[in-house]
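Colleague: sharing a model that was predicted from the sequence below.
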Amino acid sequence: MDRKAPGATGSDASTVRDVAKRAGVSASTVSRVLGGTYPVAAATRTRVLRAMRDLDYVVNAHARALGGATNKTVAFVVDDVTGPFYAHIARGVEEQASAEGRLCMLCTTHGDPQRVLAVVEMMREQRADAVIVVGGAWEDKTYQDRMTHFAHALDRAGSRLVLVGRPPLGEGVPATVVEYDNEGGAFAMTTHLLSSGHQRIAYLGVVPGLSTSRQRLDGFHRAHEMLGLTPDPDLLREGNFSRSYGYQGIRKLLADKADFTAVFAATDMVAAGAMQALREAGVRVPDDVSVVGYDDVPVAIDVVPALTTVSIPHEELGRTAVRLALHRDELPESQHQMLGTHIVVRGSTRGPRR
């Protein structure tokens with residue numbers, strides 16, 4: 001079988017030595033160009049890159065990792081890829097990663113905190129340029145300590161832990177944080193309901209130990225306190241952020257004969273389930289009960305009536321996360337960003353009849 005000689009254009013077996021010979025440099029110089037970890041003269045770099053192109057040389061990703069280089073990948077870590085909240089942030093991540101010449105790798109955790117830790121560790125070993133973890137954090141010391149450990153480990157490997165929609169890990173932890181005003185959005189929405197005359201507001205979707213839930217509840221309580229009111233604890237119901245929970249949560253409230261004129265659903269998906277249950281029970285929205293959500297995902301305008309909700313800048317969260325992480329040396333003072341939220345009033349709310 002004929003085998004193309006080293007240095008011949010298009011060789012399927014080109015090696016670092018072949019590239020070095022064609023460029024007229026040493027193999028170690030080629031390795032430096034590939035790794036990007038040591039300075040190389042511009043003219044020399046150009047010769048090496050031209051030789052690689054001529055030989056159709058394919059970089060061995062494992063060898064690059066061993067050499068200390070990142071692999072031009074941005075990892076996006078989410079609970080559930082099918083959730084619209086994550087999907088819209090993912091679009092922003094992918095668009096910015098592509099603009100920065102990076103491949104976007106999607107990893108799902110199915111809401112398992114241990115899976116989050118395992119995925120972050122795996123991405124550290126793969127030397128991703130950035131590991132972007134999206135969604136609420138579990139407020140557990142062991143979990144937080146492990147995430148802090150990985151933030152430092154990623155930093156030592158030349159990578160970056162990025163937290164989106166979750167609070168910082170603490171002073172001195174090398175992580176990029178891109179939050180949205182979670183508490184402020186809940187405060188504004190609750191104020192809207194209270195100022196419309198609703199004083200009996202049921203809250204569906206309390207998740208103990210999850211930062212997203214705590215922040216939204218903080219805003220809910222703060223709005224009541226500002227007006228000298230106290231929420232009825234019997235109207236604060238635990239449950240996850242799913243449509244099915246919203247449906248079951250309303251059925252339980254109605255079965256308990258709870259007295260409420262409005263429902264604050266922790267997410268739009270919870271609100272969609274709640275509205276279905278109310279409709280089946282013959283309770284009119286908003287004539288009998290007002291319903292609001294949080295996130296402003298597409299379902300908010302698909303339900304009837306259209307849902308009053310808190311709007312989050314999903315795609316901007318994703319774009320900002322990638323941009324700050326990849327340019328952290330140029331933007332050292334901007335590694336903690338808080339993006340704004342605002343309420344969108346639609347047809348699912350009105351003042352109470354009584």
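Modeller: It's in.

Colleague: now His224. Nearest residue, chain neighbours left out?
Modeller: Pro231 (5.3 Å; CB to CB, 6 or more residues apart in numbering). (Each C-beta comes from the backbone N, C-alpha and C, glycine too.)

Colleague: the one you found: neighbour count?
Modeller: By the measure other CB atoms under 10 Å, the count of residues near Pro231 is 20.

Colleague: over to Pro39?
Modeller: There are 8 residues near Pro39, going by other CB under 10 Å.

Colleague: ok, now Ala188?
Modeller: Ala188 has 16 nearby residues by other CB under 10 Å.

Colleague: pretty sure it is in contact with Ser311, am I right?
Modeller: No - with contact defined as CB atoms under 8 Å, Ala188 and Ser311 do not form a contacting pair (10.5 Å).

Colleague: quick one: common contacting residues for these two?
Modeller: Counting by CB atoms under 8 Å, 6 or more residues apart in numbering, the contacts common to Ala188 and Ser311 are Thr341, His342, Ile343.

Colleague: which residue ranges of the chain form helices?
Modeller: Shown for the chain, the helices assigned by DSSP state H span residues 16-23, 27-35, 42-55, 61-66, 84-99, 113-126, 141-156, 182-195, 211-226, 243-255, 268-280, 299-302, 314-326.

Colleague: so which of those helices is nearest Tyr203?
Modeller: Among the helices of the chain, helix 211-226 comes nearest to Tyr203, with 6.0 Å by CB to CB.

Colleague: quick one: residues in contact with that closest one.
Modeller: Outside helix 211-226, the residues that reach it (CB under 8 Å, 6+ apart) are 135-139, 165-167, 182-191, 194, 201, 203, 205-207, 230-231, 236, 264, 266, 294.

Colleague: centroid-nearest residue for this protein?
Modeller: Computing the C-alpha centroid of the chain and ranking residues by CA atoms, centre = their mean puts Val134 first, at 2.5 Å.

Colleague: pLDDT value on that residue, please?
Modeller: In this model, Val134 is scored at 92, pLDDT.

Colleague: chain neighbours aside, what residue packs nearest to it?
Modeller: Spatial nearest neighbour of Val134, chain neighbours left out: Val164 (4.5 Å); criterion: CB to CB, 6+ apart.

Colleague: and if you look at Tyr143?
Modeller: Pro113 (5.2 Å).

Colleague: Leu49 now?
Modeller: Nearest to Leu49 is Val33, by CB to CB, 6+ apart, at 7.0 Å.

Colleague: neighbours of that neighbour, how many?
Modeller: For Val33, the neighbour count with other CB under 10 Å is 22.

Colleague: how's this structure carved up into domains?
Modeller: Segmentation of the chain into domains, based on automatic domain parsing, reads 16-66, 73-180+314-340, 182-312.

Colleague: pull the distance from the second one to the chain's centre.
Modeller: If I follow you right, that is domain 73-180+314-340. 7 Å (CA atoms, centre = their mean, to the nearest Å).

Colleague: okay, Gly293: pLDDT?
Modeller: Looking at Gly293, its pLDDT is 98.

Colleague: contacts for stretch 97-115, please.
Modeller: So stretch 97-115 is contacted by 72-81, 90, 93-94, 116, 119, 122-123, 128-129, 138, 140, 143, 322-323, 326 (CB under 8 Å, 6+ apart).

Colleague: recalculate using a threshold of 6 Å.
Modeller: Outside of stretch 97-115, the residues within contact range by CB atoms under 6 Å, 6 or more residues apart in numbering are 72-79, 81, 93-94, 116, 119, 138, 143, 322, 326.

Colleague: now swap in stretch 126-135 and tell me
Modeller: With CB under 6 Å, 6+ apart as the test, stretch 126-135 has contacts from 65, 70-71, 73-79, 89, 120, 123, 157, 159-165, 321, 325.
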